[in-house]
Structure formats: C-alpha cells, structure tokens
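Novice: Here's a sequence, model it:
(chains A and B)
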2 protein chains.
Amino acid sequence: MNFNAYLNDLPIYEPGKDIEAVAKEYGVKEVIKLASNENALGTSLKVVETIKQNAHLAHLYPDDNMSELKEKLARKHEVKVSNLIIGAGSDQIIEFISHAKLNSKNAYLQCGISFAMYEIYAKHCQAKAYKTASKTHNLKELKELYAKHKEEIKLVYLCVPNNPLGECLDKDEIYEFISFCDEDCIVVLDCAYNDYAAFKDPKKKIEAKDLLAKFSNVLYLATFSKLYALGGLRLGYGIANEEIIKTLYKIRAPFNVTNLSLKAGLAALDDEDFVKKSLETNLSELKRYEDFAKKMQISYIDSYTNFITYTFDEKNSGDLCEKLLKKGIIIRNLQSYGMNAVRITIGTSKNNDRFFDEFAKIYKL
Amino acid sequence: MNFNAYLNDLPIYEPGKDIEAVAKEYGVKEVIKLASNENALGTSLKVVETIKQNAHLAHLYPDDNMSELKEKLARKHEVKVSNLIIGAGSDQIIEFISHAKLNSKNAYLQCGISFAMYEIYAKHCQAKAYKTASKTHNLKELKELYAKHKEEIKLVYLCVPNNPLGECLDKDEIYEFISFCDEDCIVVLDCAYNDYAAFKDPKKKIEAKDLLAKFSNVLYLATFSKLYALGGLRLGYGIANEEIIKTLYKIRAPFNVTNLSLKAGLAALDDEDFVKKSLETNLSELKRYEDFAKKMQISYIDSYTNFITYTFDEKNSGDLCEKLLKKGIIIRNLQSYGMNAVRITIGTSKNNDRFFDEFAKIYKL
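Specialist: Sure thing, here's the model as predicted:
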C-alpha cells in the first residue's frame, strides 16, 4: 500500500504512561503524576456541577456556532466574536495555522526547544524548521535567524512562557520582535501558560486586545487545559484579526469541540476564586521547588509556569525518572528533547512533599 | 496576508440553526430538531451516570493509549487492538485517510450525493473528486467510473447506508466492488448508520472482522454519534489492517478525544437494552414516515437509517423547511446538495406526530 511521501518523516506519538499503568507495572498503590502540567487543585467544583447538569445532552451535537462561549471570551479579552476561533485544545489552532501558512517551499522559526507540536504540524505541511542554537528564547538569535531566512519564514512561534523549559520573554521583547517581522509572516504567541507568568511578573503579561490594536500579523493562543483545569476536555482558542480567523475557519471541521467542553468552559471562566487560588498555590509551591533545587545544588530554569525544569550535569535524567517511577511518581524526562533534564509539574503541597522526599533519596544515591 | 492557495477552494462551514436560536427568532416555545440524526431516545441513562461519576476528572488529560475503549471495541468486533484507531467522530478518521492517500495528483470516488466531508477533506489535499451521475450508490456506474480513472483514484467512499439519502448497498455488492478495485486503492466503508440497516435487512450487515479477513485495502468506519447517542461527545473509530492503522496514527494529534468521551463510549457499549430499544423504535417510527409519505403522495427514498429523505416535484424544499421552522420544527433542506428534497430525522413518536400534523397542513397549502 502506498501512502503520501510526507508521512515518512512523521513519527507516531508515543503516549506517556498513565497513573493506572504505572500502578500496575510497579505495584505502587498511590501513584502521583507530575508530568502533564495539569492543574494541581483538580477540577473546579463549578465545572463538575455544570458537567453533571448537562450530561443528559450528550446525544445532541454541539452548537457549532459556539456562540455562548465565544461571546464570553470576547468580553473577557475585549475583542469581537469575529476575532475568535475555538479548538480542541490550542493544539488544534496550531494545526490550523500551520496548514494555512506552511508548505513544502517555506519554513517556520522557533527557539531551540519548545512545544513539540509546532514541528510536527510543520512536518504535516512539509515545511522546514529553523531553530535557534539557544534552547530558550533568545531575542537576538531569533532576530538574526529570521533576518537570514526572511524570504522563507512565514510563521514564528513564541511560546511565552515556554513549554517545556519555563522561561518567558518580556512583553516589550515580544513586541520588538513582532515589529521586526514582515507583515506576511504570522507570529504565533502561544500563551498557554501566560496567566502564570503574568501573575509572577506583570512584565510578562500579554493582552490580546492590545496585540490586535498594534499588529495585523499576530495569532494569540490560549488554553483551558492548565489554569482553567480542563485538560481532559480539549478546549483552547485563538484570537487574531478577522482575516486570519476567517482563514482558520476554512480548515476547521464542524463540531471540533464537544458540547460538554463548551459548557465546562463557560463554568471554568466563571469560577474566579478557583483561578485565583490556583495561581497563588502554584506560585508558593513553585518557590519550594526552587528552594529544594538550591538546597540540593541542582540547576533549574527560572519558571513562569506551573512546572519547573531541573537540569543535570552528572546524573542521568532517564535514570532519575525511572527510579522515581518505581516509587510511584511520574515526571517528564526531557531526553527526547536532547536535554539531560526533567520537567516537573508543580503539584499539591502534599504531592510536592512526597516528590522532595523521594527525589532527595534517589538523587543522593 | 498570503495564505496557501488551496484554501481558495475551501468553503467555510455554515452551522445550521440550533434549537435556542430558532426558538428566539420565531418566538416558538417548544422547538424540535429533526435535522441532525441524533438518537431520538436521548442519552442512555448509563452514559449519563458515567459522565456524572467522571466529571471531577475533567482536569486530567485523557489516557492517550485509549486502552480501555480500544480493548472493548476489539472484543465487540473480534479484531485486534492494533486494527483500531479512535477519532473525534468518524469524521476525523475520514480526515486522516484523506491526508494519508490523497494529493494534488490523484482523486477519490463517491456516488453522486453522499456525506459532505468526503469532498471537503479531499479539497484539503487538493485531490480531484469523481462522482457518479446517479445520486445514490449505483454499483455499475461506480465500477465504470473507477475503471475509467483507476490510475488516479486512490480512495473510494461507500456510505452504507448513505447519508443524506438513506439507501444502502447489499453486502454482496460491496464485496464485489472492493474485489474490483486495485490493492493500492483504499475503499472506505462508512458504516455510521450500518446498525440501522442491518437491523432492517440482514443483507446490509457489514462486519469488520470479515472484511479484514478478505481484503487488505478496506477501512471500516463506525461512530458513537447515532445509535450510541453520543453526537455531542465526538467519538468514532476506524478498523483496518495494521499497516493502514499505523499510518493513520502518524496523522493523529495526541489527545484527539476527550476523557469524558472515552468513558461515555464504554458505558454506551454496555447499555445493550438502550441500543435494542433505539433500533426497534426507529424502525417502527420510520414505517410511519413511509406511510405518511404514501398517504400524502410524496416520493421518498427507501431508508436504512434513522432518517428519511422526501423528494419533491412541484413544492420547493426550502419553502417547506422555512414554513416548518416558523412552527418550531427543524429539518434538513437538501437544496445545498442540489436536490429539491428534505432529510428528516426519525424522532420520538410524539415529535413525529407533531411533524406529520404540521407538515400535512403546510404541504396542502
């Protein structure tokens, strides 16, 4: 059987081990997962209630206009409904913009290490990837690389803050970079974790309304998967000018989001106390991860997210992860990114205690 | 802003009016929707219970191995887990297979009128569409058209039974057609409504296990949106040999289905009484739509689904739909398919009574 040749370059995504699989394999009773950057506080109770109230509507197709959620998001961001597109996670908007701009004759740009789906979707479109030598976002390098290949580069990703490394450009740096790019090159600001960054340092705060007023070639991405605690329901969105949004809509398939996700999204936006508590808890627990690293003399990247990246010289990250797994703790090994490092999701205080305790023992071995 | 040229050929999907919008626009209190072929019996109570029990897990990413649901489906269809891929509706599997096989140098084949997404996804891949002159599936014409363009055609869709027309090829005819096709051409059997067809007439029954044993170039598609009453949760799947499934997995994005959809799918498969009652109710109510059409001297296409297509000579389908809307009844106008016809979902006995009553009055005007 012959298939399209571009598929030869595409890997098959290998899902990580989930809690049940680890419990079974290693015979650990209480497995904790600090690997997928899910909200440590669990699901908002308002969301739980809303899902329960709407469960009997599972047989009905979603309102494909998504009017209610779009209107609410438009009010939140002070933009027009026509500036919005909703996706099955912000991942899906990355897929749409890749198919809209990229092809076998052009390229996209990102920093050395960033969200893996940028490159995968670019491969779907057979576009070339340019990455800076620096792993984290380095404004100077990004500008140099862009300038060198500006005829080719039609899409740039700034992941602010960056997943999986956690660092974040300042808003001023981001604006400087966008101004530097051609108008026909779209700069995607992946703000999946930007709420965490803005809470820690207002200089990092990105506002869609302000972006739209200043630039025509920007796509702002946000997600319900992290702070809003809906990772399981696949809900995210993009904000851009109407021309870009209209084009993305051509690629979107009907009913791309479930009806329960749309309802849950509304409830999640309403639960402001949950959001506030999530931000506060995360920041104080993140501090503990920094203190722990200092105490243990482990290098880490300053994080503006709900995770932290520890980097190692002598110890092997794969080895450390494997030993933690045996203790029932799942974290993310970054070896597949070419780094001897791990990414740890900031959990609840109790789960973090357990991590510190087990990790200290393993690290000292 | 420049975008990829193929987008010029792509329409933006225009969602139909939903119940709330119609109620508001026409000032009708109780609006009924017989337009999207949703299960007339609503959501299975077992599914409702399962969703409620799992609502608090909305913050956790889905198990991307989808092991539990895949194992259950493998048992149901007597195939291996490696023969299965799960999508956000069977739509998404159509998207995957299009991107795997189609490109700007080849083509796909379908009957004159069938599920609209076949052509839309082919356009995404810039492939050509071949359609028979007959609107419904005509084996002779399909074979002639295939033979004439066999170098070009790499994908054939048989929608069995056909959406939006309702007719269904026999299993023997389907097998004859697959045998007629080259091994490098994939025949997609879209079985979204096949359970309804098999219940009405065993000659229409398609079994994945049997297909896999006989052919290497077949992709069987099924959905949870109709009989299993999960239209809102976007869940469907494909069954094929491992080579095809492995290729489709390269195109699939991680976490393409929500965790609540996976759980709901398990519960839906368990509720055998609900499925049986759905099939029985549908068949007896479908008979009433046939009787009504005969009484009113309206032509219809023999249906093997949970909808029926009425075709008109003198009356205008758009006009009839508009008049029904004012009475609070939403059905599907097939004018966009180039037919002076309507597609009506078989509803509950009560909703069907209301349809007959209002339609009779409007039709006689």
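
Novice: Now do the phi/psi pair for the residue nearest to A:L365 when sequence neighbours are not counted.
Specialist: Leaving aside its sequence neighbours, A:L365 sits nearest to A:K323 (CB to CB, 6 or more residues apart in numbering or on different chains; 7.8 Å). Where C-beta positions appear, they are placed from N, C-alpha and C, glycine not excepted. When quoted as degrees, to the nearest 10, the phi and psi of A:K323 stand at phi -70, psi -40.

Novice: give me the number of residues near A:K323?
Specialist: A:K323 has 16 neighbouring residues, counting by other CB atoms under 10 Å in any protein chain shown.

Novice: Just to check, it is in contact with A:I362?
Specialist: Yes: the pair A:K323 / A:I362 is scored as a contact, 4.6 Å apart, by CB atoms under 8 Å.

Novice: ok, for the closest residue to chain B within the stretch 251-365 of chain A, nearest residue in space, not its chain neighbours?
Specialist: The nearest approach of the stretch 251-365 of chain A to chain B comes at A:N259, 3.5 Å away (CB to the nearest CB). Spatial nearest neighbour of A:N259, chain neighbours left out: B:G232 (3.5 Å); criterion: CB to CB, 6+ apart.

Novice: Tell me which stretches of the stretch 1-150 of chain A form strands.
Specialist: A:32-33, A:84-87, A:107-110, A:128-131 (DSSP state E, counting those that start in this stretch).

Novice: How about the contacts made by the closest residue to A:G166 other than its chain neighbours?
Specialist: Leaving aside its sequence neighbours, A:G166 sits nearest to A:S303 (CB to CB, 6+ apart; 3.5 Å). For A:S303, the contact set (CB atoms under 8 Å, 6 or more residues apart in numbering or on different chains) comprises A:161, A:166-167, A:286, A:289, A:309.

Novice: about what we covered before: go through the strands of the stretch 1-150 of chain A and name the closest to B:C191.
Specialist: strand A:84-87 (27.9 Å; CB to CB).

Novice: Dump the C-alpha coordinates for that closest one into CSV.
Specialist: Output of strand A:84-87 as CSV, limited to C-alpha atoms (Å, rounded to 0.1, in the frame of the first residue of the first chain):
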residue,chain,number,x,y,z
LEU,A,84,-12.1,34.3,17.9
ILE,A,85,-11.8,30.6,16.9
ILE,A,86,-12.3,27.7,19.3
GLY,A,87,-10.3,24.5,19.0
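
Novice: got the contact list for that strand?
Specialist: Residues from elsewhere that reach strand A:84-87 (CB under 8 Å, 6+ apart): A:66, A:69-70, A:73-74, A:93, A:95-96, A:235-239, A:245, A:248-249, A:252, A:256-257, A:262.

Novice: Please tabulate the strands of the stretch 1-150 of chain A in CSV, including the columns mean neighbour count and mean pLDDT.
Specialist: Below are these laid out as CSV (neighbours: other CB atoms under 10 Å in any protein chain shown; pLDDT from 0 to 100):
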stretch, mean neighbour count, mean pLDDT
strand A:32-33, 22, 94
strand A:84-87, 23, 98
strand A:107-110, 24, 98
strand A:128-131, 16, 98
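
Novice: Which stretch among those approaches B:E141 most closely?
Specialist: Relative to B:E141, the nearest member of those by CB to CB is strand A:84-87, separated by 39.3 Å.

Novice: who does the closest one pair up with?
Specialist: Sheet pairing of strand A:84-87 (DSSP bridges) gives strand A:236-239 (antiparallel).

Novice: Let me know the next secondary structure element after the partner strand.
Specialist: On the C-terminal side of strand A:236-239, the closest following helix or strand by DSSP states H and E is helix A:242-251.

Novice: Averaged pLDDT, that following helix. What do you get?
Specialist: Per-residue pLDDT values over helix A:242-251 give a mean of 97.

Novice: Packing partners of that helix?
Specialist: Counting contacts by 3 or more CB pairs under 8 Å, 6 or more residues apart in numbering or on different chains; DSSP states H and E, helix A:242-251 is packed against strand A:84-87, helix A:90-101.

Novice: Return the most buried member of these.
Specialist: helix A:90-101 (a mean of 25; mean count of other CB atoms under 10 Å in any protein chain shown).

Novice: Could you list every helix and strand in contact with the worst-scoring helix or strand of chain A on mean pLDDT?
Specialist: Across the helices and strands of chain A, mean confidence by mean pLDDT, DSSP states H and E is lowest for helix A:19-26: a mean of 87. Applying 3+ CB pairs under 8 Å, 6+ apart, one finds that helix A:19-26 makes contact with helix A:317-326.

Novice: Now tell me what touches the helix it packs on from outside.
Specialist: A:17, A:22, A:26, A:28, A:312, A:330-335, A:339-342, A:355, A:358-359, A:362-363, A:365.

Novice: same thing but at 7 Å, please
Specialist: For helix A:317-326, the external contacting residues (CB atoms under 7 Å, 6 or more residues apart in numbering or on different chains) are A:22, A:26, A:331, A:333-335, A:340-342, A:358-359, A:362-363.

Novice: Show me what counts as buried in that helix.
Specialist: Going by neighbour count (16 or more other CB atoms under 10 Å in any protein chain shown), the buried part of helix A:317-326 is A:317, A:320-321, A:323-325.

Novice: ditto for stretch A:139-155
Specialist: So, applying 16+ other CB under 10 Å, buried residues of stretch A:139-155: A:139, A:141-142, A:145-146, A:152-155.

Novice: From these, pick the one nearest chain B.
Specialist: Chain B has its nearest neighbour among these in A:K154, at 8.0 Å by CB to the nearest CB.

Novice: Which of the three states applies to A:A360?
Specialist: Using DSSP: H, G, I helix; E, B strand; the rest coil, the structure places A:A360 in helix.

Novice: how many other residues sit next to it?
Specialist: A:A360 is flanked by 12 other residues according to other CB under 10 Å.

Novice: excluding its backbone neighbours, what's nearest it?
Specialist: The spatially closest residue to A:A360, leaving aside those adjacent along the chain, is A:M296, at 6.6 Å (CB to CB, 6+ apart).

Novice: Equivalent analysis for A:L41, please.
Specialist: In space, not counting the residues next to it along the chain, A:L41 is nearest to A:S278; the distance is 5.4 Å by CB to CB, 6+ apart.

Novice: how near is that neighbour to A:E290?
Specialist: Applying CB to CB, to the nearest Å, the value for A:S278 to A:E290 is 19 Å.

Novice: hang on, A:V187 in a strand?
Specialist: Yes: under three-state DSSP, A:V187 falls within a strand.

Novice: thought it was touching A:S216?
Specialist: No: using CB atoms under 7 Å, A:V187 is not in contact with A:S216, being 10.6 Å away.

Novice: The two: who's more crowded?
Specialist: Counted by other CB under 10 Å, A:V187 and A:S216 do not tie: A:V187 has more neighbours, with 22 against 13.

Novice: so who does the more buried one touch?
Specialist: Contacts for A:V187 (CB under 7 Å, 6+ apart) come out as A:156, A:158, A:178, A:181, A:217-218.

Novice: Okay, and which of those map to strands?
Specialist: A:156, A:158, A:218 (DSSP state E).

Novice: Which residue, other than its chain neighbours, is closest to the second one?
Specialist: In space, and not counting its chain neighbours, A:L158 is closest to A:L189: 5.4 Å by CB to CB, 6+ apart.

Novice: And the pLDDT for that neighbour?
Specialist: At A:L189, the model reports a pLDDT of 98.

Novice: can you check the one 3 residues further on too?
Specialist: Predicted confidence (pLDDT) at A:A192: the value is 98.
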